[in-house]
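> Here is my input, please return the structure:
(chains A and B)
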Amino acid sequence: MKVKCVKTSVSNPDRNIINGDMREYLKVGAEFWVYGLSFKGGTAYYYIFNDNHLFQVPMEMFDVIDGKVSATWVLRNRNQEVNLWPELFYREGFLENFAEREDAERNEFVPLRELIEC
Amino acid sequence: MGCYKLTYEYGNPTLFLESDGEKTDTLKWAVWRNPETTFLGVVARDSSGSGYPSGDFYQLPNEASREPYSMLGYFWSGGNENGIHYDKQGRPMYKVTVGEGPAVGLRAGAQLAINGVRLAKQLASEAQMAEKGITIIGSGQLTQAERLAAQYGGEASDWVKQTSSSYSLGGAQFETHWYENVVNFLRVEFKTVFPK
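Numbering: from 1, shown residues only, chains lettered A, B, ... in the order given. Presented below is the predicted three-dimensional model:
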């Protein structure tokens, strides 16, 4: 799945939308591979990677330019959110260690990224 | 003018109370401070126990009057006497010792160059800390959420981990991470991360 940024912020009066204001970090027209989907608190998110970090962004900021769903994604409902993403992302501590740039998690992401982007 | 060394001792059982939970842990900081600049850098850190953030490097305050813990949001100082700093309840928190710094062997030009790089890095770090930030770990996935809520207040679900953008200077890339309470926007435990 691939998406294209069409706007960099969304209406977020209660500030409960994660990364609802990305004006400092995203550019309209930029394209991203999607590594997972997440649904939480009435908002749907894409998980994208900016070459530094994996993070979630509201779907309404993007248009879908390739809607093919990755075969690596697994659906689960936990902690009051529904996720559709690779099994690896469900592993305890994976996303947090990845965010901390731990070598093991970064290395594990490389082949997964190739699978998703093929 | 050369540097001098400030050593922060926290949780020394012979000096500090042992009945205050996390205050029984030990933590020792040593920083160099160059009076010609406002830069404070950690050169040694030795800690044990739980309840403290971990990481490679902590951004320190640039006001000479502030101490690392104020910056980290742990305590508000109730003043100090003879190098012992107290919390608002008058309990001893940590001790600051002023020691000798490194030999002043650098020529003025070299020292200025070093100061310039440090200042640039400091300014970059401060700019990163002022960013809106990208949430990289949301509530529900943050393993430290319960601790953060217990330590700083709010609900566990209020806490997320955020990052600044990455900044490159002199071949070094770094970014700042912190935890943020999304309800009251309190940011704590700033940490500079150097991508490998």
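> and B:W178, that one's in a strand?
Yes: judged by DSSP: H, G, I helix; E, B strand; the rest coil, B:W178 forms part of a strand.
> Just confirm it contacts B:Y152, I think it does.
No: between B:W178 and B:Y152 there is no contact under CB atoms under 8 Å: 11.7 Å. Quick note: C-beta positions are derived from backbone N, CA and C, even for glycine.
> Count residues in the vicinity of A:M22, would you?
19 (other CB atoms under 10 Å in any protein chain shown).
> Need the distance between the two termini of stretch A:58-66.
By CA to CA, to the nearest Å, the extent of stretch A:58-66 from end to end equals 17 Å.
> just stretch A:71-89 next, same as before
14 Å.
> How about residues contacting it?
A:35-41, A:47, A:69-70, A:90, A:94-95, A:108-109, A:112, A:115-116, B:140-141 (CB atoms under 8 Å, 6 or more residues apart in numbering or on different chains).
> Check the offset of that stretch from the chain's centre.
11 Å (CA atoms, centre = their mean, to the nearest Å).
> buried residues in it?
Residues of stretch A:71-89 classed as buried: A:W73, A:E81, A:N83, A:L84, A:W85, A:P86, A:L88, A:F89 (neighbour count, 16 or more other CB atoms under 10 Å in any protein chain shown).
> Within range of chain A, give me the residues from chain B.
B:131-132, B:134-138, B:140-143, B:160-161, B:163, B:165-166, B:175, B:177, B:182, B:193, B:195-196 (CB under 8 Å from any CB of the partner chain).
> do that again at 10 Å, thanks
By CB under 10 Å from any CB of the partner chain, the residues of chain B that approach chain A are B:54-55, B:131-144, B:157, B:160-166, B:173, B:175, B:177, B:182-183, B:185, B:191, B:193-196.
> From those residues, list the buried ones, please.
Buried, going by 16+ other CB under 10 Å: B:133-142, B:144, B:157, B:160-166, B:175, B:177, B:182, B:191, B:193, out of the residues of chain B next to chain A.
> And the residue in chain A that chain B sits nearest to, how far from B:G138?
Nearest to chain B, among the residues of chain A, is A:N79, at 3.8 Å (CB to the nearest CB). Here A:N79 is placed at a distance of 10 Å from B:G138 (CB to CB, to the nearest Å).
> and for these two, which residues touch both?
Common neighbours of A:N79 and B:G138, using CB atoms under 10 Å, 6 or more residues apart in numbering or on different chains, are A:K40, B:S157.
> Determine the number of other residues adjacent to B:F174.
Neighbours around B:F174, by other CB under 10 Å: 19.
> Sticking with it, tell me its helix or strand.
strand B:172-181 (DSSP states H and E).
> For the helix or strand just after that strand, which strands pair with it and how are they oriented?
Scanning forward in sequence from strand B:172-181 by DSSP H and E, the next helix or strand is strand B:187-193. Partners of strand B:187-193 in the sheet, by DSSP bridges, are strand B:172-181 (antiparallel).
> for the particular helix or strand that has A:R106 in it, packing partners?
Using DSSP H and E, the element containing A:R106 is helix A:103-117. Contacts defined by 3 or more CB pairs under 10 Å, 6 or more residues apart in numbering or on different chains; DSSP states H and E place helix A:103-117 against strand A:31-40, strand A:43-49, strand A:54-58, strand A:81-86, helix A:87-90, helix A:94-99.
> Mean pLDDT for those - can I get that in a markdown table?
Output for the helices and strands packed on helix A:103-117, formatted as a markdown table (pLDDT from 0 to 100):
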| stretch | mean pLDDT |
| --- | --- |
| strand A:31-40 | 96 |
| strand A:43-49 | 97 |
| strand A:54-58 | 97 |
| strand A:81-86 | 95 |
| helix A:87-90 | 95 |
| helix A:94-99 | 94 |
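> Surely B:Q144 touches B:A156?
Yes: counting by CB atoms under 10 Å, B:Q144 touches B:A156, with 9.2 Å between them.
> thinking again about what came up before, okay, and which of the buried ones among the residues of chain B next to chain A map to strands?
B:I134, B:T135, B:I136, B:I137, B:V160, B:K161, B:Q162, B:T163, B:E175, B:H177, B:K191, B:V193 (DSSP state E).
> Now A:D66. Nearest residue, chain neighbours left out?
A:K2 (3.9 Å; CB to CB, 6 or more residues apart in numbering or on different chains).
> Quick check: the one you found touching A:F32?
Yes: using CB under 10 Å, A:K2 is in contact with A:F32, at 6.9 Å.
> who touches both of the two?
Between them, A:K2 and A:F32 share the contacting residues A:I48, A:F62, A:I65, judged by CB under 10 Å, 6+ apart.
> Filter those down to the buried ones, ChimeraX style.
What follows is the ChimeraX syntax for the buried subset of these, where burial is set by 16+ other CB under 10 Å:
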select /A:48,62
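> Quick one: residues contacting the closest residue in space to A:F49 that isn't next to it in sequence.
Once flanking residues are discounted, A:F49 sits nearest to A:Y35: 6.1 Å by CB to CB, 6+ apart. When contacts are counted by CB under 10 Å, 6+ apart, A:Y35 touches A:1, A:46-49, A:54, A:56, A:70, A:72-73, A:85-86, A:88-89, A:109, A:112-113, A:116-117.
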